[in-house]
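Visitor: Sequence and predicted structure below; questions after.
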Amino acid sequence: MATLADVARRAGVSPATASRIISGSTKLVTDELRARVLRAVDELQYVPNAHAQLLARAQRTAVGVIVHDVSDPYFAEITRGLQQVATAHGRLVIICNSYRDPARELEYVELLRAQQVAAIVLAGSGYHDAAFTKALKGKLAAYTRTGGRVSVIGRHELPGDAVMPANEEGGYLAGTELFATGHRKVGVIAGPRVLTTTTDRLAGLRRAARESGRTLPSKRIAYAGFDRDGGAEATAALLDASPDLTAIVALNDSMAVGALATLRERGIDVPGQISLIGFDDMPIARDVTPALTTVRLPLTEMGARAMSLALDNADGAARVEPVEAVLVRRASSQPLTSR
């Protein structure tokens, strides 16, 4: 690759002059001199060293985003919102996939701190892991002491601003929808036990069951990965343990898609024999057959709000922005009494 010295030599100027012209410095130079340097840049296909520019600037230009898996539709939508705001502010987004590995998440915080990013957004769920939380708190505290900013999406016991989706309330909405329409035997496809998102959504379902005089026994709750295959496997386990289920709630839409596949393979009509409700309202929820009743969270907006908080240099106490959950009725569910 061509260097700054190569450009300066080709243009017949000093490296300092070439650097000022390339970086858009306000220091005046003649039009002829500027044209020579820019022509040399074009001829040599010179690309400035981003790391060197970062070190030279007073303002940090990059932001780091840690997600569980950006290929997951949930995180893809959130990342879209994050990038929209970052782009509007002229910031480069560095996306790190932790794949729900706490050790990797800790490593990424250290790497992003070493890159001197302006902010770190933790877009994945919190963990029920005291040792990990303590370690992460320590690393983030060291980062913020150097001027970095932190924002999170979801429930974490961490410093920084937070965008807080109504996961518990969303679970309550899904449960109430089923219990209030005659369903008594409801199965749940839950995510990993260690995630706060799973705990909160399940807590909402349990609250709805209590208020309706119903129960959610452990044999009707299957824990699985927050993905399509996890949903398919959990549905099979639920049907084997409780073949008389009249409804299933999946705690995200990807798992609900897997549930639909298993129900179809077993010749079970949705919603004729079993009603199905998902969570998040990912784009695919409208396109599957039958279209998925689900709990909507504004995923893109959540990402945008988290990035806005991260880039806002306001001082003071950490801010928490709540995000409302809304039930969206589609064709995959119906009252039990209508059969």
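Guide: Looks like it arrived, so ask away. Note that the structure is a prediction, hence the values are computed from the model and not measured.
Visitor: Quick one: name whatever helix or strand follows the least confident helix or strand in the chain by mean pLDDT.
Guide: Every helix and strand in the chain was compared by mean pLDDT, DSSP states H and E; the lowest is helix 50-56, with a mean of 51. Per DSSP states H and E, the first helix or strand lying C-terminal to helix 50-56 is strand 62-67.
Visitor: Sheet partners, orientation included, of that next one?
Guide: Paired with strand 62-67 in the same sheet, following DSSP bridges, are strand 92-97 (parallel), strand 119-122 (parallel).
Visitor: Quick one: residues in contact with the last one.
Guide: Yep, that's strand 119-122 we're talking about. 63-66, 82, 105, 109, 112-113, 140, 143, 148-153, 156, 158, 306-307, 310-311 (CB atoms under 8 Å, 6 or more residues apart in numbering). Any C-beta I mention is one placed from the backbone N, CA and C, and that applies to glycine too.
Visitor: Going by neighbour count, which residues in stretch 75-89 are buried?
Guide: 75-79, 81-83, 85-86 (16 or more other CB atoms under 10 Å).
Visitor: Please convert these to JSON lines, extending it with distance to G316, secondary structure and pLDDT.
Guide: Below are the buried residues of stretch 75-89 laid out as JSON lines (distance: CB to CB, whole Å; DSSP: H, G, I helix; E, B strand; the rest coil; pLDDT from 0 to 100):
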{"residue": "F75", "distance to G316": "29", "secondary structure": "helix", "pLDDT": "95"}
{"residue": "A76", "distance to G316": "32", "secondary structure": "helix", "pLDDT": "95"}
{"residue": "E77", "distance to G316": "30", "secondary structure": "helix", "pLDDT": "95"}
{"residue": "I78", "distance to G316": "25", "secondary structure": "helix", "pLDDT": "96"}
{"residue": "T79", "distance to G316": "28", "secondary structure": "helix", "pLDDT": "96"}
{"residue": "G81", "distance to G316": "24", "secondary structure": "helix", "pLDDT": "96"}
{"residue": "L82", "distance to G316": "23", "secondary structure": "helix", "pLDDT": "96"}
{"residue": "Q83", "distance to G316": "27", "secondary structure": "helix", "pLDDT": "95"}
{"residue": "V85", "distance to G316": "21", "secondary structure": "helix", "pLDDT": "96"}
{"residue": "A86", "distance to G316": "23", "secondary structure": "helix", "pLDDT": "94"}
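Visitor: ok, so of those residues, who is nearest V13?
Guide: Checking the buried residues of stretch 75-89 against V13 by CB to CB gives A86 as the nearest, at 34.4 Å.
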